[in-house]
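K.L.:
model this:
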Amino acid sequence: MGAKEEWQVSCRDIASRRRDLTVFVSQGHIVINVPPGEAAVLTPLEVGRLRAALREAVVAASETDV
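P.N.:
Prediction:
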């Protein structure tokens, strides 16, 4: 599959440290990996990036179902 299968979205944890969310496709499912043991705090721009990553992951996952 030539499509990108993993996306990184910058965020901060509850203590305001820089972290990343990772969105990827595994066996036709969308997986969101968040900072371990932390809450992800996103700005409106970061939410937009997460939304875009999820949209792209859905497209990639649907292509694996065909």
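K.L.:
spatially central residue for the protein, please.
P.N.:
V23 (2.7 Å; C-alpha atoms, centre = their mean).
K.L.:
okay, that one: pLDDT?
P.N.:
Per-residue pLDDT puts V23 at 94.
K.L.:
what pairs with it across the strands?
P.N.:
For V23, the beta-bridge partners are W7, I32 (DSSP bridges).
K.L.:
that one and A15, how far apart?
P.N.:
Applying C-beta to C-beta, to the nearest Å, the value for V23 to A15 is 23 Å. For glycine as for every other residue, the C-beta is placed from the backbone atoms N, C-alpha and C.
K.L.:
also F24?
P.N.:
25 Å.
K.L.:
and A61, by the same measure?
P.N.:
Counting by C-beta to C-beta, the separation of A61 from A15 is 33 Å.
K.L.:
neighbour count for those two, which is higher?
P.N.:
Taking other C-beta atoms under 10 Å, A61 and A15 do not tie; A61 has more neighbours (18 against 9).
K.L.:
pretty sure the more buried one sits against V31.
P.N.:
No: using C-beta atoms under 8 Å, A61 is not in contact with V31, being 9.8 Å away.
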